[in-house]
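S.K.: fold the following, please.
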Amino acid sequence: MTTHVTSTHDSSEFHLPAGSTGRGPYETIIDPGAREGWVHTGLRVLALGAGESEIFTANSVEAMIVPLNGSCEISVDGETYTLRGRADVFASATDVLYVPVGSQPTISSADGGRFALATAVATGSHPVALIRAEDVPVEIRGGGNMTRKVRNFGTVGAFDAMDSLIACEVITPGGNWSSYPAHKHDETVDDGEHRESELEEIYYYEIQDAPGGGPGFGFHQTTSSGEDTPIDVLTEVRSGDTVLVPHGWHGPCAAAPGHDMFYLNVMAGPDAERAWNITDHPEQTWVRGTWDEAGIDPRLEGEAR
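M.R.: Residues are numbered from 1 along each chain as shown. As a prediction, the model looks like this:
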């Protein structure tokens with residue numbers, strides 16, 4: 001059962017349970033401009049049976065196609081690309097394909113699978129690009145029970161041949177805290193001492209099952225960063241759930257002990273510069289100073305590359 005704890009806003013505005021937005025072959029559909037106040041980012045989760053295919057039309061968006069489980073072939077602009085997938089999101093990084101605004105990729109899967117389409121509104125066109133799993137930079141962030149693994153296939157500096165989209169995956173071992181310290185990126189700041197970028201953000205979750213097959217769970221929090229932008233979300237998340245962060249301090253995200261947590265982050269905003277600059281919550285930024293002494297969670301040692 002999913003629990004919502006709310007204050008100024010009903011968190012169901014921002015917490016979208018698995019399957020609640022889907023139709024047809026898509027388990028999840030969040031398109032920019034399709035809901036009030038949501039402008040820049042989108043996410044579709046496509047489920048294909050063996051031998052099935054789907055045409056995605058990127059009318060006003062650029063996209064990164066990310067296998068969640070299974071492999072696929074993608075035909076776009078007269079070329080066909082094979083994406084070697086994975087058993088599940090916890091197994092490894094995966095091949096990813098970038099497709100530009102105005103393209104119409106056909107996604108096909110011989111054995112079936114599920115595929116995330118992370119999108120952002122774009123105007124400039126860039127070449128189709130295949131990013132192999134072995135080329136995805138993997139970062140270990142945090143320390144102690146705040147250690148998590150970040151797969152930076154679409155972040156600033158890792159892959160920049162696109163217009164506005166920023167995307168990555170985060171693995172948080174069971175019992176650990178992630179997106180901590182809580183942070184925000186809901187205004188543009190550049191005063192010479194500090195920079196912040198205005199970005200919407202999508203969190204798409206998958207949670208590892210219990211050994212006996214029971215469903216896993218975790219928690220997500222978003223709170224207000226100012227009186228003019230009220231938001232108060234503390235909600236249980238399960239596999240297939242999505243949380244929208246239009247503004248505010250977001251984090252921590254907590255993985256229940258015994259249940260590793262995955263989330264796919266999708267970000268974009270109105271600024272001309274594609275940048276990812278954040279501001280830590282002032283009451284929590286001190287935890288960064290504890291990471292070196294705490295050391296890396298041994299479950300993630302040796303994962304960085």
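S.K.: mind checking how far Gly154 is from Ile140?
M.R.: Using CB to CB, to the nearest Å, Gly154 is found at 18 Å from Ile140. Where C-beta positions appear, they are placed from N, C-alpha and C, glycine not excepted.
S.K.: if you count surrounding residues, which of these two has more?
M.R.: The neighbour comparison of Gly154 against Ile140 (other CB atoms under 10 Å) goes to Gly154, with 26 against 17.
S.K.: give me the nearest residue to that one, chain neighbours excluded.
M.R.: Ala167 (3.6 Å; CB to CB, 6 or more residues apart in numbering).
S.K.: in this protein, which strand has the most residues?
M.R.: Longest strand in the chain by number of residues, with DSSP state E as the criterion: strand 61-76.
S.K.: re the thing from before, ramachandran angles for the residue nearest to Gly154?
M.R.: When read as degrees, to the nearest 10, the backbone of Ala167 gives phi -150, psi 150.
S.K.: so it touches Leu264, yeah?
M.R.: Yes. Using CB atoms under 8 Å, Ala167 is in contact with Leu264, at 7.1 Å.
S.K.: comparing the two, which shows the higher neighbour count?
M.R.: More crowded of Ala167 and Leu264, by other CB under 10 Å: Ala167, with 29 against 24.
S.K.: ok, now how distant is the more buried one from Ala63?
M.R.: 10 Å.
S.K.: same question for Asp191.
M.R.: 34 Å.
S.K.: cool, and Gly258?
M.R.: Gly258 sits 34 Å away from Ala63, going by CB to CB.
S.K.: show me which of the two is the more surrounded one.
M.R.: Ala63 (27 against 14).
S.K.: any low-confidence regions in the chain?
M.R.: Counting by pLDDT under 70, the chain contains low-confidence ranges at 1-11.
S.K.: could you find the closest non-adjacent residue to the residue most central in space within it?
M.R.: Of all residues in the chain, the one closest to the mean position by CA atoms, centre = their mean is Asn265, 1.7 Å from it. Using CB to CB, 6+ apart and skipping residues adjacent in sequence, the residue nearest Asn265 is Cys168, 5.4 Å away.
S.K.: and that neighbour, what is it in contact with?
M.R.: Val150, Arg151, Asn152, Phe153, Gly154, Thr155, Leu264, Asn265 (CB atoms under 8 Å, 6 or more residues apart in numbering).
S.K.: could you pull up phi and psi at it?
M.R.: The phi and psi values for Cys168, taken as degrees, to the nearest 10, are phi -160, psi 170.
S.K.: thanks a lot, see you next time.
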